[in-house]
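Q: Sequence first, predicted coordinates after that:
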Amino acid sequence: MSSGSDARGFRVVHESAPFRGKQGHVYRPAISAESVASRALHMQLLEIPPGERAHAHKHESHETAIYVLSGISGCFWGERLENHAIAGAGEFVYIAADVPHLPYNRSETEPVTAVIARTDPNEQESVVLLPDLEAGVDWSKAEA
């Protein structure tokens, strides 16, 4: 398939060069304000290398939807990161706007790959780092 567009707003887009976001993970953006002049969403691939975790953060005023393609990810979430969830290949994750979260890869050998869509057309604009929450994470929940 080749990239292309027309006057009615249709584009086929290949992923862009990877970058490391403020959150700490590697992203490969595809649909965004920068790539297609999107006004209300972006979509990209995320890879979490084995054993890696993000920085605690939230997306100010923006919702996030994730589809896990491969691997098993854990995520602490909530006002104090007091909750914990696990998502694996074939599962969807929803994160409401302004919900603090800290995702990580549960495996020491396999990467996690996921498709992420967010209501922020500029991938990093709504990211708010929350370093004060990281000290209180109960990592024993990650082992369960």
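A: Yep, that arrived. Keep in mind that what you see is a predicted model, and the values were worked out from it rather than measured.
Q: so where is the chain shaky, pLDDT-wise?
A: Counting by pLDDT under 70, the chain has low-confidence residues at 1-8, 144.
Q: And the residue nearest the centre of it?
A: Centroid-nearest residue in the chain, with Cα atoms, centre = their mean: Ile116, separated by 5.4 Å.
Q: show me where the protein has helices.
A: 33-36, 131-134, 140-143 (DSSP state H).
Q: Minimum distance to Ala97: which of those helices has it?
A: helix 131-134 (17.0 Å; Cβ to Cβ). In short, each C-beta sits where N, CA and C put it, glycine included.
Q: deepest of the helices of the chain, which one?
A: Scoring the helices of the chain by mean neighbour count under mean count of other Cβ atoms under 10 Å gives helix 33-36 as the most buried, with a mean of 16.
Q: what residues does it touch?
A: Ser5, Arg11, Val13, Ser16, Pro29, Arg39, His42, Pro121, Asn122 (Cβ atoms under 8 Å, 6 or more residues apart in numbering).
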